[in-house]
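Asks: Model the structure of this input:
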Amino acid sequence: MIIERFIPALSWLKTYHRGQFSQDATAAFIVTMLLIPQSLAYAMLAGVPPEVGLYSSILPLVLYALFGTSTSLSVGPVAVASLMTATSLAVIAEQGTASYLTGAITLALLSGAMLIIMGVMKLGMVTNLLSHSVISGFISASGIIIALSQLKHILGIQAHGDNVVTQLLSMLENIGQFKPMTFVIGVSVIAFLLLARRHAKRFLIMLKVPEASAASLAKTAPILGVLSSLAVVYLYDLQSHGVAITGHIPAGLPNLVFTLPSLELIKALALPALMISIIGYVESISVGKTLGAKRREKVKPNQELIGLGAANIASGVSGGFPVTGGFSRSVVNFDAGAVTQLASIMTALGIMIASLFLTPMLYFLPKATLAATIIVAVTTLIDFSILKKTWLFSRSDFYAVLATIVITLLLGVEVGVASGVALSIALHLYRTSKPHVAEVGLIKGSEHFRNVKRYEVETSPQLLCLRPDESLFFANATFLEDHIIDTISQRKDINHVVIQCSAVNEIDFSALEMLEALNLQLKSLDIKLSLSEVKGPVMDHLECSGFLQHLNGKVYLSQFQAYQDITQA
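Replies: Numbering: from 1, shown residues only. The predicted structure follows:
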């Protein structure tokens, strides 16, 4: 049905049964336990009040459940988007002010609108323009910046900065504010979470917990860190010893209000919102496709744009900040057995209950605990093995990744993400501007043509056979022309050039003009230009342009036919 294309939830609701409900309910409970401390922590990272983190984990989950296509993706605040939110807003408002929160809401609304527009325009292929290696470098560098930004809460000092240099200098200036008790709490929680990540599953299995359940329960360790540190602070009155606590978190649900932001605010935040949208979508679609492949489910990129856009609009309407599909919570959701997005809807209900009744219990929660939760969570983002892999595989990829990492660390995430996008596009243009062009010859006893540098083949001194392994367009047309002219200038016996077009899927107008100029130039040198194995759509364009009427050679069905016709003439 057409309506199911726009609201994918209708397709799984039709066949939903009781057995699936129990699986989804179990997954929802586990993800809720993970999401409560994460939501509070990422709110602190984004610079908004803690309850805003909870608000951003309610309605967005429901909207994505209705419009998204992944059965396992769990939407909410994530580390990189939260950091980008804080960085974007730092230049227009001060944290803790109404203007700052208005800016965060505006970012969510703008991001949602942009994602929906891209979805309607079917721009899901936007991820193809971004190099995976470059984005990996950006995320790794962002992980370091996020971890450093939370170190001030572990040390109990004041610090600021949106890049590594300013953060370190600021912490050194204020190191005299160091609070030992805060440090002990933060380091203890970090140690507990790291130990739980490595050993909790094994410990639960020893307690006869089924392996599948043990893996999911082990990932809810942050809630134990929250409860234990909260109890310690309360019992020993550590806030009077300088331990910073979360304090009062208003109980209740968000007010659903849609207010059009000012034109001035839209202009200031449009570019940051676009960057957050792109990075958030890349992260989300990557997680969705990875988990979907394990269940042989197809995640539809264009519909995902609409689903994430709806989630961000919902976050803005409910007073939240930008959200996207999170890796850790989605993996927990998947491992816990969620089979449909009803698990996300039940998770939203769990967060609603926490917002209504549990927030007074969080009064004594140390900020160092939330910082420790973020630091441990972002360690999974930091992966510098990409440098070694790209160095061994492709030096151009290596230099692009290294540049992205260095720029992000030294200049901040906004410049880093912009450079990542620019480098991805530049890398693509660089590669396509210098396509692999092989001179080919005939393998004896066959009709196959292969690269003369890799195989023993038959060639003819008067014939130059070239196979460009790329479509021909404005970026690489001149390269092929220069290659042909240089070759014939060095080999005076050539009187016929054949371009094997088996790998040419498209020829744009710039490439057509190049072929016309090349045809005239070769004709003036008494050299014929021919084409072989031209694909149907390419042939259609060449015919309607009139190029074939002026071609001083022929168009051959196969390269073998061209070779025989020319060498046996």
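
Asks: Show the contacting residues for the residue positioned nearest the centre of the chain.
Replies: With distances taken as CA atoms, centre = their mean, the residue of the chain nearest its centroid is residue 282 (2.6 Å). Each residue near residue 282 by CB atoms under 8 Å, 6 or more residues apart in numbering is listed here: 127, 130, 135. (Each C-beta comes from the backbone N, C-alpha and C, glycine too.)

Asks: between those, which is nearest residue 74?
Replies: Of all these, residue 74 sits closest to residue 127, with 19.8 Å by CB to CB.

Asks: pretty sure the closest one is in a helix, no?
Replies: Yes: according to DSSP: H, G, I helix; E, B strand; the rest coil, the state of residue 127 is that of a helix.

Asks: So for it, what's the nearest residue that isn't a sequence neighbour?
Replies: For residue 127, ignoring the flanking residues on the chain, the nearest one in space by CB to CB, 6 or more residues apart in numbering is residue 282 at 5.4 Å.

Asks: Look up how far residue 375 lies from the residue nearest to the centre of the chain.
Replies: Distance, residue 282 to residue 375, using CB to CB, to the nearest Å: 23 Å.

Asks: cool, residue 246 as well?
Replies: On the measure of CB to CB, residue 246 and residue 375 end up 17 Å apart.

Asks: Among these two, which residue is more densely surrounded?
Replies: residue 375 (24 against 21; other CB atoms under 10 Å).

Asks: close enough to count as contact, that one and residue 150?
Replies: Yes: here residue 375 lies in contact with residue 150, judged by CB atoms under 8 Å, at a distance of 5.3 Å.

Asks: and whatever helix or strand residue 24 lives in, average pLDDT?
Replies: Residue 24 is located in helix 18-46, with elements delineated by DSSP states H and E. Helix 18-46 shows a mean pLDDT of 91.

Asks: With stretch 86-100 instead?
Replies: Stretch 86-100 comes out at a mean pLDDT of 91.

Asks: How far does that stretch sit from its chain's centre?
Replies: 25 Å (CA atoms, centre = their mean, to the nearest Å).

Asks: for stretch 333-346, same thing?
Replies: Worked out by CA atoms, centre = their mean, stretch 333-346 lies 22 Å from the chain centre.

Asks: Could you do stretch 191-206 as well?
Replies: That offset, for stretch 191-206, works out to 29 Å (CA atoms, centre = their mean).

Asks: Quick check: the gap between the residue nearest to the centre of the chain and residue 138.
Replies: 10 Å.

Asks: And for residue 115?
Replies: 19 Å.

Asks: Likewise for residue 364?
Replies: Following CB to CB, the distance that separates residue 364 from residue 138 is 37 Å.

Asks: Show me which of these two is the more surrounded one.
Replies: residue 138 (29 against 19).

Asks: so the one helix or strand the more buried one maps to versus helix 18-46, what angle?
Replies: Element membership for residue 138 (DSSP H and E) is helix 132-155. Here helix 132-155 runs at an angle of 70 degrees relative to helix 18-46 (axes from the mean of the first three to the mean of the last three CA atoms, to 10 degrees).

Asks: Tell me the first helix or strand C-terminal of helix 132-155.
Replies: Scanning onward from helix 132-155 (DSSP H and E), the first element met is helix 164-173.

Asks: And for residue 545, the neighbour number?
Replies: For residue 545, using other CB under 10 Å, the count is 16.

Asks: Where do the strands of this protein begin and end?
Replies: 75-76, 324-325, 437-442, 449-451, 463-468, 496-500, 528-532, 555-556 (DSSP state E).

Asks: Adding distance to residue 142 and mean pLDDT, write the ones you listed out as TSV.
Replies: Putting the strands of the chain into TSV (distance: least, CB to CB, whole Å; pLDDT from 0 to 100) gives the following:
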stretch	distance to residue 142	mean pLDDT
strand 75-76	18	94
strand 324-325	14	94
strand 437-442	39	95
strand 449-451	42	95
strand 463-468	39	95
strand 496-500	45	96
strand 528-532	48	96
strand 555-556	52	95
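
Asks: now those strands in TSV, with mean neighbour count?
Replies: As requested, these are exported to TSV (neighbours: other CB atoms under 10 Å):
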stretch	mean neighbour count
strand 75-76	32
strand 324-325	28
strand 437-442	20
strand 449-451	19
strand 463-468	21
strand 496-500	23
strand 528-532	21
strand 555-556	18
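
Asks: what about residue 243, neighbour count?
Replies: 25.

Asks: cool, and residue 456?
Replies: 9.

Asks: going forward can the numbers begin at 49, since that is how I track them
Replies: Let's use 49 as the start, then, which means that last one is residue 504.

Asks: How about the contacts made by it?
Replies: Contacts of residue 504 by CB under 8 Å, 6+ apart are 491, 492.

Asks: angle of the longest helix seen in the chain against helix 180-203?
Replies: Looking across the chain with DSSP state H, the single longest helix is helix 311-342. Counting by the same axes, to 10 degrees, helix 311-342 lies at 110 degrees to helix 180-203.

Asks: if we can go back for a sec, distance of the residue nearest to the centre of the chain relative to residue 187?
Replies: Counting by CB to CB - residue 330 and residue 187 are separated by 9 Å.

Asks: so what are the domain limits for this protein?
Replies: As given by automatic domain parsing, the domain ranges for the chain are 50-474, 485-615.

Asks: from those, which stretch is densest packed?
Replies: Across these, the average number of neighbours (mean count of other CB atoms under 10 Å) peaks for domain 50-474, which reaches a mean of 20.

Asks: chain center to that one: distance?
Replies: Taking mean C-alpha positions (CA atoms, centre = their mean), domain 50-474 and its chain are 13 Å apart.

Asks: Output the lowest mean pLDDT helix or strand found in this structure.
Replies: helix 50-54 (a mean of 76; mean pLDDT, DSSP states H and E).

Asks: what bridges to residue 547?
Replies: Applying DSSP bridges to residue 547 gives these bridge partners: residue 514, residue 579.

Asks: could you pull out the helices for the stretch 349-498 of the chain?
Replies: 349-365, 375-383, 390-401, 415-426, 433-441, 443-459, 461-481 (DSSP state H, counting those that start in this stretch).

Asks: Residue 66 is nearest to which of these?
Replies: Among the helices of the stretch 349-498 of the chain, helix 390-401 comes nearest to residue 66, with 11.9 Å by CB to CB.
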